[in-house]
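J.: I would like the atomic coordinates for the input below:
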Amino acid sequence: MSTIGFQHFRPLAIFVCVVDEGSFAGAARHLKTSRSRVSEQITQLEEDLGVRLLQRSTRKLSLTEEGRRIYDRVRPLPQLLEETVAIATQERPTGRVSITATHDVGVTQLLPALSRFRARYPDVELDIILSDQRLDLIAEGIDMGIRIGLPRDDSLIGRILYEDRFRLYASRDYLDASGIPETIEALSSHHWVCLSHVSPGGLNRLYRDGERVSIQAQHYELCNSPQMVISMALAGMGIAQLFPSTVRKDVASGALVPVLPQLTGENMVFSLVYPSRKHVPMRTRALIDHLMASRLFDGNVCD
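T.: The predicted model follows:
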């Protein structure tokens, strides 16, 4: 009775090699092993299958009827096994890697880092998923993501990229038209652009010298997209809580102006999150290492 199973893939591949090379000795040279070892594995395979595969003579080998039919079925196995080994032992990263981030972090932080990664690893291609929703990396089959905070799920690994905290900004046009608020009390009468999950109902919670300050905006717009909030602030629609790391260029150009810089939000940790530390593909490890080493993610954006 045959006891064939998945463990016989390699012996079957050796059988194909014997047939293709025409002898045990030829197969042994191809596989870089001994003739006796090849012969032993074919004999054991025949015993497990319960059929003779090869007729042996002192001059040549020939296939039995069963051997010929099995050979026709398993002929692709050696190439498949060689390709599998090549994938697992590749010398340089290749293939696709997926990463998710919010739109604002993706555009201002991730994009410059990825352009450098692309130049360094031209054989790795990227799937970039920008979403302001917290996607399930495992369920969605995503290799990694940039998140605020560290994961609470033990199935996820989190490594800190940088830290930042909200500050207040408004466009030069808005401040020219509405005036620059000089005091905390003056802020509530200004127009605000609020990120809905940070300032629900227009209530902005900030800190001054470690003490909490609450500012209830009388006039405000709500938006669920950090990137859209940045754009609305740039369009002169009001004062907004923004991460300095996402508006560096706008502040440097003068398009956005800090407002009451003594006010800040809570310290926020931005982390790189991925599902497992074990058996990470080379392409994924390359991107992880690149992002962790990137100067774009220095912690110098936070006081």
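J.: What is the least confident helix or strand in this structure?
T.: Across the helices and strands of the chain, the lowest-confidence element by mean pLDDT, DSSP states H and E is helix 77-88, at a mean of 76.
J.: so for the helix or strand that comes right after it, what's the average pLDDT?
T.: Per DSSP states H and E, the first helix or strand lying C-terminal to helix 77-88 is strand 95-101. Strand 95-101 carries an average pLDDT of 95.
J.: Neighbouring strands - and their directions - for strand 95-101?
T.: strand 124-130 (parallel), strand 144-148 (parallel) (DSSP bridges).
J.: right, so these: which one is the most enclosed?
T.: Among those, strand 144-148 has the highest mean neighbour count (mean count of other CB atoms under 10 Å), at a mean of 21. To be clear about C-beta, it is placed using only N, CA and C from the backbone, and glycine gets the same treatment.
J.: what's next to that one, contact-wise?
T.: 97-102, 105-106, 109-110, 134-135, 137, 158, 161, 268-274, 284, 287-288 (CB atoms under 8 Å, 6 or more residues apart in numbering).
J.: which ones among these are found in helices?
T.: 105, 137, 284, 287-288 (DSSP state H).
J.: can you put these in CSV and add distance to residue 248, neighbour count and pLDDT?
T.: Shown next, in CSV, are the ones in helices among the contacts of strand 144-148 (distance: CB to CB, whole Å; neighbours: other CB atoms under 10 Å; pLDDT from 0 to 100):
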residue, distance to residue 248, neighbour count, pLDDT
105, 13, 24, 94
137, 28, 22, 92
284, 28, 22, 92
287, 23, 26, 95
288, 24, 20, 94
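J.: my guess is residue 8 contacts residue 48, does it?
T.: Yes - taking contacts as CB atoms under 8 Å, residue 8 lies within contact range of residue 48: 6.5 Å.
J.: Quick check on those two: which one has the bigger neighbour count.
T.: residue 8 (20 against 16; other CB atoms under 10 Å).
J.: Please determine how far the more buried one is located from residue 46.
T.: Plainly put, residue 8 is 11 Å away from residue 46 if you go by CB to CB, to the nearest Å.
J.: rounded to a whole number, what's the mean pLDDT of the helix or strand where residue 240 lies?
T.: Using DSSP H and E, residue 240 falls within strand 239-242. For strand 239-242, mean pLDDT is 98.
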